[in-house]
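**Student:** Got a predicted structure here, sequence first:
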Amino acid sequence: MGDPAVVKIFDTTLRDGEQSPGATMTTEEKLQVAQQLMRLKVDIIEAGFPAASPGDLMAVKEIARLTRGVAVAGLARAHADDIDTAWEGVREAELPVIHVFLATSDIHLQHKLKLSREEALQRVQAMVSRARNLCPSVEFSAEDATRSDWDYLCRVFEVAIKAGATTINVPDTVGYTLPHDYEALFRYLRERVPGMEEITMSAHCHDDLGMATANTLAAIKGGARQVEVTINGIGERAGNTALEEVVMALRTRPDVFGHVDTRVEAAELLASSQLVSRLTSIPVQPNKAVVGANAFAHEAGIHQDGMLKNRLTYEIMTPQSVGWTDTKLVLGKHSGRHALDARLRQLGHKLSAEQLKVAYRRFVALADEKKVVIDSDLLYIVESSMDTP
Ligand code: KIV
Ligand code: ZN
């Protein structure tokens, strides 16, 4: 199972993330992301779905050949051809992983796969064995696990573990579960599936109800020691769990999570976010946790005043810890006199109390007209307030 104090990061930006509409990347771009993921110190890079296209196979092969110190996974449906192609993709990796999936919910079995539950069990047995004969690390995912019958899921996972799976993934494929249910599902599986204690349990969440991070954290409480995440939370539909959110939640609240942690180099989070945003042309919303432009910006006067007295008043992590250079005190109409004074001092102007009073009045009048007051506006205000003694 590995070190129980470590949560492994399985980054699927290049596979599930690339399934975001418009996020397609060239092999060269994928290699850039893979290099950055190495700097970030993720444990596993899911490099693609080799059977999906010759381009995907080529990108997976290149990433497997050129990365070191990180495992490289290739996705495969539970089909012999897919598994063989996934192996062709990852075989040159230092630590190759074949990731086999088959849906287990009745909705998917009946309407998509046209398989009975028994036929699906046989398929899992045959395909996980096939993958394991090729590769020492095999992950099995029960697609749509959270809408599957829990006792049937236990049987599926028991078969997968007996056939050689080394990681068992419990995907919330359609972002349907809620934290308490997902945590309970992990506990249920851990208690009932023979062999589950010896292997790694993995969480894979989608954000259709905005719960992906909360569900992933709940899974960790339930025993998951691998989480499947993407940079900026990009992915199918509403996206996947955002890597940066899980990493910083564990680091900020060790008290809640029993001091388990990832190996991630958090100071690389911002660079990773900006690279993926640039290469996929998917902008990061300004209010995005950890990596959004406003994640460490304060505009309200009361907040700015608090921050100037002690950063702990309004910051639960330092901007530097995730790659930002500093906090931003944004000067707008909600800002107070202390923030204006602090900014003016940074710009080299120390105003008398009377001058500051005048400057602040002019600043507020301007801020009412403009959304944000920039440094050149401030310099103009300073000049026009200097006649005041
Ligand atoms: O969401 C999902 O179920 C998946 C699987 C292929 C793991 O992405
Ligand atoms: Zn997914």
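**Tutor:** The structure has been received and is ready for your questions. Numbering: from 1, shown residues only. Ligands and ions are numbered 1, 2, ... in the order given.
**Student:** Could you use CA atoms for every contact and neighbour count after this?
**Tutor:** Fine.
**Student:** for the stretch 151-300 of the chain, which spans come out with low pLDDT?
**Tutor:** Regions of the stretch 151-300 of the chain meeting the criterion pLDDT under 70 are absent.
**Student:** which residues in it form strands?
**Tutor:** All strands of the stretch 151-300 of the chain, identified by DSSP state E, counting those that start in this stretch, fall at 167-172, 200-205, 226-229, 297-298.
**Student:** Tell me which strands the third one pairs with, and in which orientation.
**Tutor:** Same thing as strand 226-229. strand 8-11 (parallel), strand 200-205 (parallel) (DSSP bridges).
**Student:** Would the helix or strand hosting Glu46 count as contacting ligand 1?
**Tutor:** Per DSSP states H and E: Glu46 is located in strand 44-48. No - Strand 44-48 stays clear of ligand 1 (CA under 6 Å from any ligand atom), getting no nearer than 10.5 Å.
**Student:** Looking at the protein, which residue is nearest ligand 1?
**Tutor:** Thr173 (3.7 Å; CA to the nearest ligand atom).
**Student:** so who does that residue touch?
**Tutor:** Neighbouring residues of Thr173 by CA atoms under 8 Å, 6 or more residues apart in numbering: 143-146, 204-206.
**Student:** just to revisit the earlier point, may I see the strands of the stretch 151-300 of the chain arranged in JSON lines, with mean neighbour count as well?
**Tutor:** Output for the strands of the stretch 151-300 of the chain, formatted as JSON lines (neighbours: other CA atoms under 10 Å):
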{"stretch": "strand 167-172", "mean neighbour count": "25"}
{"stretch": "strand 200-205", "mean neighbour count": "26"}
{"stretch": "strand 226-229", "mean neighbour count": "27"}
{"stretch": "strand 297-298", "mean neighbour count": "22"}
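**Student:** I'd like these as TSV, with distance to Gln32 appended.
**Tutor:** Below are these laid out as TSV (distance: least, CA to CA, whole Å):
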stretch	distance to Gln32
strand 167-172	27
strand 200-205	24
strand 226-229	18
strand 297-298	29
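**Student:** who's in contact with stretch 354-365?
**Tutor:** Against stretch 354-365 from outside (CA under 8 Å, 6+ apart): 332-333, 337, 340-341, 373, 378, 381-382, 384-386, 388-389.
**Student:** and it, how far from the chain's centre?
**Tutor:** Going by CA atoms, centre = their mean, to the nearest Å, the spacing between the C-alpha centre of stretch 354-365 and its chain's C-alpha centre is 44 Å.
**Student:** ok so, going back, now the strands paired with strand 226-229 as a markdown table including distance to Val284?
**Tutor:** Output for those, formatted as a markdown table (distance: least, CA to CA, whole Å):
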| stretch | distance to Val284 |
| --- | --- |
| strand 8-11 | 18 |
| strand 200-205 | 19 |
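**Student:** How about the residues of the stretch 1-150 of the chain by ligand 1?
**Tutor:** Counting by CA under 6 Å from any ligand atom, the stretch 1-150 of the chain sits next to ligand 1 at 16, 101, 141, 143-144.
**Student:** Could you identify which of the residues you listed has the most neighbours?
**Tutor:** Using other CA atoms under 10 Å as the neighbour test, those are led by Ser141, with 29 neighbours.
**Student:** Tell me the secondary structure at that one.
**Tutor:** Three-state call for Ser141 (DSSP: H, G, I helix; E, B strand; the rest coil): strand.
**Student:** dump the residue contacts of it.
**Tutor:** 99-103, 168-171.
**Student:** Who are the contact partners of the residue nearest to Gly223 when sequence neighbours are not counted?
**Tutor:** Of all residues not flanking Gly223 in the chain, Phe186 sits nearest, at 6.4 Å (CA to CA, 6 or more residues apart in numbering). The contact partners of Phe186, by CA under 8 Å, 6+ apart, come to 219, 222-224.
**Student:** Spatially central residue for this structure, please.
**Tutor:** With distances taken as CA atoms, centre = their mean, Leu243 lies nearest the centre of the chain, 1.9 Å away.
**Student:** where exactly do the helices run in the stretch 51-200 of the chain?
**Tutor:** Assigned by DSSP state H, counting those that start in this stretch, the helices in the stretch 51-200 of the chain fall at 54-66, 80-90, 106-108, 117-134, 150-162, 179-192.
**Student:** Perfect, I'm done here.
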